[in-house]
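Peer 1: turn this into a structure:
(one chain, ligands or ions: 1)
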Amino acid sequence: MPLAAVETDIKELVEELNFKQKVDRSLDLIEQAYKEYGDALVVANSLGKDSSAVWDLAKRVSPKIRGFIVTTRFKPPETKQFMAEEVARCPELKVFSNDEKIPDKLYETDPDKCCDILKVAPTRQAIKEMSVKCWITGLRCTEGRTRTNFKEVEELDKGLLKLNPILIWYEREIWEYLALNEVPVNPLYAEGYRSLGCGPCTKITQGADERAGRWIGTSKCGGECGIHTKPLLNYQI
Ligand code: SF4
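Peer 2: Residues are numbered from 1 along each chain as shown. Below is the predicted model of the structure:
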């Protein structure tokens, strides 16, 4: 069955598959995508724990699989340092950013616009420059209120498949995988963060919603930067 035809009951998989079955399923999905797309398969690496897990899974399928990191001027120093270490360890990770001038504190006055400029635009650039036909993300459906309706394989843009191979993993299973495989992680997790983003828009929170600490105090609270909800190929500026 081609990857684009994969259609499953996500809730059932989240609850019924055990850790090993989930790891095997993720590896199978990535392997199938690599067979179909070869070099046009690329991993989006946000330097968070889910990306670290998915990046490691992809490298187990093939060390040749490439990746991209979108960074911004507002990423915390710890994330910038971790990025430098990851790029040194894996030179097949390419970094994209947008240095365009923006109004002061745009993240407070219009966070959607700020994310559009600093995150969505460089993601579009990465997709174009790296000739991506299928991109892999670290999205998980148990992360928060905005992530419950995604599928393992999606085609928001015609001609650009999105594979979410760890969609069905629990937060605990991510940490289980990272610990068991000794995968390097962003040091900010040691401070208590559960979801990482730009410094001004990320706080430490507790509770069921992992993403509750993102964009606190704005209409975007616990929400999305836009790379998973906006078109990346067929868009108008
Ligand atoms: S997360 Fe905050 S600072 Fe970063 S791009 Fe979005 S609004 Fe701007």
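Peer 1: residue ranges for the strands of this structure, please.
Peer 2: Along the chain, the segments classed as strands by DSSP state E run 41-44, 66-70, 93-96, 134-136, 153-157, 160-163.
Peer 1: mean confidence for stretch 17-30?
Peer 2: Averaged across stretch 17-30, pLDDT comes to 98.
Peer 1: list the contacts of it.
Peer 2: For stretch 17-30, the surrounding residues in contact (CB atoms under 8 Å, 6 or more residues apart in numbering) are 3, 6, 13, 54, 57-58, 60-61, 65, 136, 152-153, 163, 165-166, 168-169, 173, 176-177. Where C-beta positions appear, they are placed from N, C-alpha and C, glycine not excepted.
Peer 1: quick one, helices of this structure?
Peer 2: Along the chain, the stretches classed as helices by DSSP state H are 10-16, 19-37, 49-61, 77-89, 106-109, 111-115, 121-129, 171-180.
Peer 1: what is the burial count for residue 156?
Peer 2: 14 (other CB atoms under 10 Å).
Peer 1: ok so, going back, any idea which of the helices of the chain is most buried?
Peer 2: helix 49-61 (a mean of 23; mean count of other CB atoms under 10 Å).
Peer 1: show me the contacts for residue 42.
Peer 2: Contacts of residue 42 (CB under 8 Å, 6+ apart): 65, 66, 67, 68, 126, 130, 132, 134, 135, 136.
Peer 1: leaving out chain neighbours, which residue sits closest to it?
Peer 2: Closest residue in space to residue 42, ignoring its immediate chain neighbours: residue 132 at 4.7 Å, by CB to CB, 6 or more residues apart in numbering.
Peer 1: so the one you found is in contact with residue 125, correct?
Peer 2: No: with contact defined as CB atoms under 8 Å, residue 132 does not count as touching residue 125 (10.9 Å).
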